[in-house]
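In: Have a look at this prediction, sequence included:
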Amino acid sequence: MVIHTEYLTFNTKQRREIVDMTDEVERVRAKAGLTDGFILVSAMHITASVFVNDHERGLWSDIMRWLEELAPAKPDYEHHRTGEDNADAHLKRTLLGHQVIVPVTAGKLDLGPWERVHYGEFDGRRPKRVILKAFGV
């Protein structure tokens with residue numbers, strides 16, 4: 001049984017940004033020697049997301065616009081009464097989710113033809129971690 005854990009740190013230049021992290025997931029799979037199993041990829045911050053979708057800049061723009069429509073940046077959230085200004089980032093993270101499980105079959109990430117693993121940042125410009133945990137054989 002293989003169990004291997006790594007942490008990645010993202011520090012985006014923009015407050016809101018999407019980063020394709022599929023190559024990092026594959027690097028962890030290879031380092032673990034995983035041929036059949038899963039890799040859990042989970043954002044360890046409450047204003048960041050991990051999701052699977054297409055790597056296409058137009059889609060990324062659409063995702064960010066959609067998130068802004070559903071959870072707009074505005075000053076009147078209850079959360080802001082705590083002194084924070086990032087309630088929309090928490091809501092955006094909730095919409096896209098905080099983790100994915102990527103299957104591994106025959107020594108390869110078993111993703112669909114257009115699927116890629118993405119890190120979504122909604123309150124960036126500071127270091128945030130993502131855990132990758134490979135398990136299987």
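Out: Happy to help now that I have it. On a predicted model such as this, the values are computed, not experimentally measured, just so you know. Numbers count the residues shown, from 1 in each chain.

In: hey, where'd the strands end up in the protein?
Out: Secondary structure of the chain (DSSP state E): strands at 2-10, 17-20, 37-43, 48-54, 99-105, 108-109, 115-121, 128-136.

In: would you turn those into TSV with distance to Met64?
Out: Every residue, glycine included, has its C-beta placed from N, CA and C. Formatted as TSV, the entries for the strands of the chain read as follows, by distance: least, CB to CB, whole Å:
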stretch	distance to Met64
strand 2-10	16
strand 17-20	7
strand 37-43	17
strand 48-54	12
strand 99-105	19
strand 108-109	25
strand 115-121	9
strand 128-136	18
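
In: can you put those strands in TSV and add distance to Gly83, mean neighbour count and mean pLDDT?
Out: Rendered in TSV, the data for the strands of the chain read as follows (distance: least, CB to CB, whole Å; neighbours: other CB atoms under 10 Å; pLDDT from 0 to 100):
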stretch	distance to Gly83	mean neighbour count	mean pLDDT
strand 2-10	24	14	98
strand 17-20	24	18	98
strand 37-43	23	20	98
strand 48-54	20	20	98
strand 99-105	28	17	98
strand 108-109	41	14	98
strand 115-121	21	22	98
strand 128-136	20	19	98
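
In: Of all the ones you listed, which one is nearest Glu69?
Out: Go through the strands of the chain one by one with CB to CB and the one that ends up closest to Glu69 is strand 115-121, at 15.6 Å.

In: So which other helices or strands are in contact with the closest one?
Out: Identification of packing neighbours for strand 115-121 by 3 or more CB pairs under 8 Å, 6 or more residues apart in numbering; DSSP states H and E yields strand 17-20, helix 22-32, strand 48-54, helix 87-96.

In: So in the protein, which helix runs the longest?
Out: Assignment by DSSP state H gives helix 57-70 as the longest helix of the chain.

In: tell me the average confidence for that one?
Out: With pLDDT averaged residue by residue, helix 57-70 scores 98.

In: And that helix, what's buried?
Out: Using 16 or more other CB atoms under 10 Å as the burial criterion, the residues of helix 57-70 that qualify are Trp60, Ile63, Met64, Leu67.
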